[in-house]
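The following comprises the amino acid sequence and a computationally predicted model.
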Amino acid sequence: MAAFFKREFQIVGFSVKIESAGVVDREGVRVSRHTLAVMKERGIDMSSHRSRYVGNISLENFDHIYCIDERVKKRLIDFDADSSRIVILNEKNGGIPNPFHRDIEAYEKCASLIETEVKKVIAEFI
């Protein structure tokens with residue numbers, strides 16, 4: 001998700017700090033082969049990306065926190081994130097389906113949905 005935000009903010013000429021972190025306690029894990037392939041098709045190289053655990057960063061420093069679903073939002077609140085700063089992408093449709101451990105088509109669908117939702121968020125800033 002952060003990769004899409006970075007790309008889209010660069011396209012519109014905004015200089016913002018974007019970070020990526022997950023609610024599962026895993027640091028330094030590479031993205032899946034499906035993620036690599038799907039993002040490469042979109043011109044984004046994820047080969048050097050490594051996972052970060054949200055419990056190891058200070059969430060009060062972020063103006064906006066975007067997540068994929070209500071479960072992740074609740075976990076972020078558990079880490080003292082300000083709920084008014086958390087936005088669930090595609091919330092009206094239940095968020096973004098997590099493709100983890102599914103086929104590449106699920107990753108394609110997820111990436112397309114995130115890309116669309118990120119563009120909507122960017123449009124609110126310009």
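Everything's here; your move.

give the contact list for residue 117.
Going by Cβ atoms under 8 Å, 6 or more residues apart in numbering, residue 117 touches 89, 90, 96. Using the backbone N, CA and C atoms, a C-beta is placed for each residue, glycine as well.

pretty sure it is in a helix, no?
Yes. Judged by DSSP: H, G, I helix; E, B strand; the rest coil, residue 117 forms part of a helix.

measure it to residue 58 for me?
25 Å (Cβ to Cβ, to the nearest Å).

Please apply the same query to residue 81.
For residue 81 relative to residue 58 (Cβ to Cβ), the value is 10 Å.

residues near residue 46, how many?
Using other Cβ atoms under 10 Å, residue 46 has 17 other residues around it.

That one belongs to a strand, doesn't it?
No. Checked against three-state DSSP, residue 46 lies outside a strand; its state is coil.

quick revisit: for the contacts of residue 117, pick the one with the most neighbours.
residue 96 (22 neighbours).

Can you check the pLDDT for that residue?
Each residue has a pLDDT score; the one for residue 96 is 97.
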